[in-house]
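> following is a predicted model, sequence given first.
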Amino acid sequence: MSPVTEGTARVEEVLRDLYGIRPETVLRPEERKKVPALVGLVHRLKKLGGDPLVVDAAAGRAPAGLVAARLLGWSRLVVIERDEERARSAQRAAASLADTQVDVRVGAVEDLALWPGRPEVVLALHACGPASDAVVDVALALRPEHLFLVPCCTAHSVRASPGAMALAEHLGVPTQPAVRRRFVQAIVDTERTLRLEAGGYQVSVGPLVPSTVTPHNLVWQARHVGSLRRQQRAQERLNQLFQDLPSHRSPTATTARVQADPEGYQSLLSKMNARPSS
């Protein structure tokens, strides 16, 4: 059996045990898609070593934090999830981790009162829409040593999205969704990367899983190094990102237009986020 297969089998075994899924029960499609992402994430986390204080943010039922805690032997895990039902599911699953102190906290990920003072590792697997921006904001405020961020869908509420759409219009990017989707996503990804770098993080971005598993397959792996020169350079590039937009097409003005016609804007973004047919 190859190492990948062994990793996949072990992660699925732990996932089933945590959430009470019988061996003969077929995993739901969303659960099956989670397995390769968890395998990739655990592989990266294993390289950190030690027993860090970990936060699983925008956690859902917390498969990322709980599976990693079981496999890597972590003793402390904080789970933050705003949905009460999912948080209760995470709490039930955490009961099987006898050697890990799991603290499930219900609320918005941007609420700093829910966070421990200085987490060492922050995970956010498929943090949806603005949750990814909130995780970045908290990381810049609390400066954990390591951040593993896997953003999900891009909605109009994502911070850089209105500016990216305005920039696309300003530059004459074609309106076909398959083209604009890539352009807007690239700008959103650029803004998040530069924001982390300007906050003192060394950032690498790469696929966590193949795009055939999910189109939202990139992981931002960031380590706080506090290089002032790198921070200044990133901040300059961040400042330049939208500076060429005419004032009526600035991110602020675009946000106002989005608020005036949220359904139309969201419809376009939904087309952009749609997975291309194979």
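Looks like it arrived, so ask away.
> mind showing which ranges of the stretch 1-150 of the chain have poor pLDDT?
1-6 (pLDDT under 70).
> quick one: the helices in it?
Per DSSP state H, counting those that start in this stretch, the stretch 1-150 of the chain carries helices over the ranges 3-19, 29-46, 63-72, 84-94, 130-142.
> for those, which one ends up most surrounded?
With neighbours defined as mean count of other C-beta atoms under 10 Å, the helices of the stretch 1-150 of the chain peak in mean count at helix 63-72, which reaches a mean of 25. Heads up, the C-betas are built off the backbone N, CA and C, glycines and all.
> packing partners of that helix?
Under the contact criterion of 3 or more C-beta pairs under 8 Å, 6 or more residues apart in numbering; DSSP states H and E, helix 63-72 touches helix 3-19, helix 29-46, strand 54-57, strand 76-81, helix 84-94, strand 101-106, strand 121-127.
> which residues sit against the second one?
The contact list for helix 29-46, computed with C-beta atoms under 8 Å, 6 or more residues apart in numbering, reads 4, 7-8, 11-12, 15, 21, 27, 63-64, 67-68, 71-72, 121, 123, 125-126, 148, 150, 208-210, 213-214, 217, 219, 221.
> picking that back up, could the helices and strands packed on helix 63-72 go into a markdown table alongside distance to Gln231?
Putting the helices and strands packed on helix 63-72 into a markdown table (distance: least, C-beta to C-beta, whole Å) gives the following:
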| stretch | distance to Gln231 |
| --- | --- |
| helix 3-19 | 36 |
| helix 29-46 | 24 |
| strand 54-57 | 23 |
| strand 76-81 | 27 |
| helix 84-94 | 35 |
| strand 101-106 | 30 |
| strand 121-127 | 19 |
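> take the helices of the stretch 1-150 of the chain and write them to a markdown table, including distance to Gly117.
Below are these laid out as a markdown table (distance: least, C-beta to C-beta, whole Å):
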| stretch | distance to Gly117 |
| --- | --- |
| helix 3-19 | 28 |
| helix 29-46 | 21 |
| helix 63-72 | 18 |
| helix 84-94 | 21 |
| helix 130-142 | 7 |
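> could you identify the longest helix within the chain?
Secondary structure of the chain per DSSP state H: the longest helix is helix 177-198.
> partner strands of the helix or strand following that one and their direction?
Downstream of helix 177-198, the first helix or strand assigned by DSSP states H and E is strand 201-207. Each strand paired with strand 201-207, and its direction, by DSSP bridges: strand 218-224 (antiparallel).
> mind saving the C-alpha coords of the partner strand as CSV?
Provided in CSV are the C-alpha atoms of strand 218-224 (Å, rounded to 0.1, in the frame of the first residue of the first chain):
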residue,chain,number,x,y,z
LEU,A,218,-5.2,26.4,-2.8
VAL,A,219,-3.7,26.7,0.6
TRP,A,220,-2.0,29.8,2.0
GLN,A,221,0.7,28.6,4.3
ALA,A,222,2.1,31.5,6.2
ARG,A,223,4.9,31.8,8.8
HIS,A,224,5.4,34.9,10.9
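> report the distance from it to the chain centre.
10 Å (C-alpha atoms, centre = their mean, to the nearest Å).
> ditto for stretch 120-140
6 Å.
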